[in-house]
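Participant: Give me a 3D structure for the following:
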Amino acid sequence: MASPACTKPIFPSTFTASPSESTSKSSHLSFINTTSSLPFYPKLSHSQQRSFLVNSVLKTVDPTQPSFSTATSTDVGLLAEKPTILVSEKLGEAGLQVLRGFGHVECAYDLSQEELCTKISCCDALIVRSATKVTRQVFEASKGRLKVVGRAGVGIDNVDLQAATEFGCLVVNAPTANTIAAAEHGIALLAAMARNVAQADASIKAGKWQRNKYVGVSMVGKTLAVMGFGKVGSEVARRAKGLGMNVIAHDPYAPADRARAIGVDLVSFDQAIATADFISLHMPLTPTTNKIFNDTTFSKMKKGVRIINVARGGVIDEDALIKALDSGIVAQAALDVFTEEPPAKDSKLVQHENVTVTPHLGASTKEAQEGVAIEIAEAVLGALKGELSATAVNAPMVAPEVLSELAPYVVLAEKLGRLAVQLVSGGSGIKSVKVVYRSARGPDDLDTRLLRAMVTKGIIEPISDTIVNLVNADFIAKQRGLRISEERVVVDSSPELPVDSIQVQISNVESKFASAVAEGGQISIEGKVKFGEAHLTCVGSFDVDVSLEGNLILCRQLDQPGMIGRVGNILGEHNVNVSFMSVGRTSRRKKAIMAIGVDEQPNNEALDNIGAVPAIEEFVFLKL
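Facilitator: Predicted coordinates:
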């Protein structure tokens, strides 16, 4: 239903820039989807290729023109020249005022999918929170008019990014405005849980007086493990230090110097959960972190640990948490988020006497809501003006001919980034990454922006919920203290190929696979495109040749007969199919690296058996 706070209706657009106006009144932006699995270019349908290759035009208007400043609600001709912005969920008044200064705003809440699809054909922009589902049907119903979707918040699970990209629609979010609110809520749950505030309140309201039952625990002097040391996690750490707590943190990405600046030690995952009295979760929900707190991890914790989660519900296996609560491993839990929201009314977790719950209130302060409203309003207006926001979550396309040529190298660049970050060990954080391109072409004939962005994407996305693309790659890297440098080496190869090889180097970090460390002390991996597919060709100082498909096992071994068969038999016994295998060695009967491509992830027993082979000195399993 429409909100009475919004008085201006949606008008059909009649604005069309004349040839003389088109240069100043339109911004030519085209998009590719870099959030899904690649390669994408060779497998597209004809219509998809066309939508990827033809520039999508974002029409823009200039609000400084007299016709815009003097328009009234009765002048439909003038009104139609302004962009129309649909707000489908409640947005702070400050954000609405920003939007009204530029275009026509209609607030229509609780729309069904059918109603949204009907309205969207008359809209240039759409602003949503988490309840509105912006599906492919919505983009189809917009008939190309929708220029930008703004998500007032961080997560964009309710927006079909693939469809947005195909229809040339930019998607932006508001990732920073609710940081303090989320951190404050984490601290509120921490204190409420420690002192049994919710349970004691319910007891008194039930007519009871149970002082002895609700004796709490002190926070001062206790160890808090902050799992995920991003914007929210670091703010929680600051506040916990003020409460007199000893704070440690785990984050595979966070720079150690930034943690030390606020008196926090970065430690390994196992060390964090084994030593903490309280554990506060601030990690994103990714395939790596999905149900990372499970039976195994709970068994490694100190008995009587207390857990707070204001991040994402899916990082906890809720059934495993119930068992840990019942057994006493976890003394209490305070949860703001759940795997399914809202949770079932009869949820054993919600009803558990040692669990404090709130209905996803992390960002729910007046100040945060206003901040998010202003942040998303400004991002949406920037997009309508043709500007590319740093909070954009789908990427603009480079020139069609460049994309066509670089498509397989885009795949290679991202996979090399994903491999490199998985080779990093320890809590020092990644600060410096160098990308080396070997090519017969000169600098003017090789546009590496997309390749650099994909390396950045491969490094950051596996350990973050941040979506990285050509628009925001440099911004995200800088924001996280990551320096991406590039070097081009001229080689004698075919100039018809844009790149002969790509090498990714990560400096000043420890490696969980020592053989990946080159002579200069940096983790180094290199790859090439062969027959249109990405191949890993060098690990440290060892030459290999394995297709980057599925997953990868790297083994350093003594170079002796029968090793391929022994490892292959182990994988076969555990029903793991080997797709590729390559052995590189320094010299005959010395050290060698065996690179094995596997279709499935081996279970722990299979990996243990590989590690138990006497001739194998080290190995690592890597996900692609």
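
Participant: For residue 450, give me the pLDDT.
Facilitator: Among the per-residue scores, residue 450 shows a pLDDT of 85.

Participant: pretty sure it is touching residue 407, no?
Facilitator: No - judged on C-beta atoms under 8 Å, residue 450 makes no contact with residue 407 at a distance of 9.7 Å. From N, CA and C alone the C-beta is placed, and that goes for glycine too.

Participant: Mind checking which of these two has more residues around it?
Facilitator: residue 450 (24 against 18; other C-beta atoms under 10 Å).

Participant: Does the more buried one lie in a helix or a strand, and which?
Facilitator: Following DSSP states H and E, one finds residue 450 within helix 449-460.

Participant: Check which element follows that helix along the chain.
Facilitator: Beyond helix 449-460 on the C-terminal side, the first helix or strand identified by DSSP H and E is helix 473-479.

Participant: Counting by contacts, list what that following helix packs against.
Facilitator: If you count contacts as 3 or more C-beta pairs under 8 Å, 6 or more residues apart in numbering; DSSP states H and E, helix 473-479 packs onto helix 449-460, strand 483-490.

Participant: what about 7 Å?
Facilitator: Judged by 3 or more C-beta pairs under 7 Å, 6 or more residues apart in numbering; DSSP states H and E, the packing partners of helix 473-479 are helix 449-460.

Participant: give the contact list for residue 607.
Facilitator: By C-beta atoms under 7 Å, 6 or more residues apart in numbering, residue 607 lies in contact with residue 621.

Participant: same for the lengthiest helix in the chain, what does it pack against?
Facilitator: Longest helix in the chain, counting residues (DSSP state H): helix 400-422. With contacts defined as 3+ C-beta pairs under 7 Å, 6+ apart, the packing partners of helix 400-422 are helix 449-460, strand 501-507, strand 523-530, strand 533-539, strand 616-623.

Participant: Just tell me which of the ones you listed ends up closest to residue 82.
Facilitator: helix 449-460 (33.8 Å; C-beta to C-beta).

Participant: quick one: the closest one to chain centroid distance?
Facilitator: Using C-alpha atoms, centre = their mean, to the nearest Å, the mean C-alpha position of helix 449-460 is found 13 Å from that of the whole chain.

Participant: Let the chain start at 503 from now.
Facilitator: In the new count, where the first residue is 503, that last one comes out as helix 951-962.

Participant: Which positions within that helix qualify as buried?
Facilitator: Applying a neighbour-count criterion of 16 or more other C-beta atoms under 10 Å, one finds 952, 953, 954, 955, 956, 957, 958, 959, 960, 961, 962 buried in helix 951-962.

Participant: Restricting to C-alpha, output it in CSV.
Facilitator: Provided in CSV are the C-alpha atoms of helix 951-962 (Å, rounded to 0.1, in the frame of the first residue of the first chain):
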residue,chain,number,x,y,z
ARG,A,951,42.1,-3.3,-15.4
LEU,A,952,39.8,-6.2,-15.7
LEU,A,953,42.5,-8.8,-15.0
ARG,A,954,43.7,-6.8,-11.9
ALA,A,955,40.1,-6.6,-10.7
MET,A,956,39.7,-10.4,-11.1
VAL,A,957,42.9,-11.1,-9.2
THR,A,958,41.6,-8.8,-6.4
LYS,A,959,38.2,-10.6,-6.6
GLY,A,960,39.8,-14.0,-6.3
ILE,A,961,41.8,-12.9,-3.2
ILE,A,962,39.1,-11.1,-1.3
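
Participant: Now the helix or strand residue 1097 falls within: average pLDDT?
Facilitator: Taking DSSP H and E as the definition, residue 1097 sits inside strand 1093-1100. Strand 1093-1100 carries an average pLDDT of 88.

Participant: can you list the residues that contact it?
Facilitator: Residues outside strand 1093-1100 that contact it (C-beta under 7 Å, 6+ apart): 1017, 1038, 1041, 1044, 1046, 1048-1049, 1051-1059, 1061, 1065-1066, 1069, 1073, 1078-1087.

Participant: In PyMOL, select just the buried ones from the residues you listed.
Facilitator: Buried subset of these, written as a PyMOL selection, criterion 16+ other C-beta under 10 Å:
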select buried, resi 1017+1038+1041+1044+1046+1048+1049+1051+1052+1053+1054+1055+1056+1057+1058+1059+1061+1065+1069+1073+1078+1080+1082+1083+1084+1085+1086+1087
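
Participant: Can you list which of the contacts of strand 1093-1100 are found in strands?
Facilitator: The strands in this structure, assigned by DSSP state E, contain 1038, 1041, 1044, 1046, 1048-1049, 1053-1059, 1080-1087 from the contacts of strand 1093-1100.

Participant: Can you list the low-confidence ranges for the stretch 853-1002 of the chain?
Facilitator: The stretch 853-1002 of the chain contains residues with pLDDT under 70 at 890, 897-902, 928-930, 969, 971-973.

Participant: what about 80?
Facilitator: By pLDDT under 80, the low-scoring segments of the stretch 853-1002 of the chain are 888-892, 897-906, 928-931, 945-947, 965-975, 977-978, 981.

Participant: And for the stretch 503-652 of the chain?
Facilitator: The stretch 503-652 of the chain contains residues with pLDDT under 80 at 503-583.

Participant: ok so, going back, just put the buried residues of helix 951-962 in a markdown table and tack on distance to residue 668.
Facilitator: Below are the buried residues of helix 951-962 laid out as a markdown table (distance: C-beta to C-beta, whole Å):
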| residue | distance to residue 668 |
| --- | --- |
| 952 | 18 |
| 953 | 23 |
| 954 | 24 |
| 955 | 20 |
| 956 | 19 |
| 957 | 25 |
| 958 | 24 |
| 959 | 19 |
| 960 | 23 |
| 961 | 27 |
| 962 | 24 |
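
Participant: rewinding a little: which of the helices and strands packed on helix 902-924 sits closest to residue 856?
Facilitator: Closest among these, using C-beta to C-beta: strand 1118-1125, at 35.2 Å.

Participant: which secondary structure elements does the closest one contact?
Facilitator: When contacts are defined as 3+ C-beta pairs under 7 Å, 6+ apart, strand 1118-1125 sits against helix 902-924, strand 1053-1060, helix 1106-1113.

Participant: chain center to the one helix or strand residue 608 maps to, what's the gap?
Facilitator: With elements taken from DSSP H and E, the one containing residue 608 is strand 606-609. Distance of strand 606-609 from its chain centroid, counting by C-alpha atoms, centre = their mean, is 31 Å.

Participant: Give me the residues contacting the next helix or strand after that strand.
Facilitator: On the C-terminal side of strand 606-609, the closest following helix or strand by DSSP H and E is helix 615-622. For helix 615-622, contacts defined as C-beta under 7 Å, 6+ apart pick out 512, 588, 590, 610, 628, 635, 637, 639, 640, 643, 644, 648.
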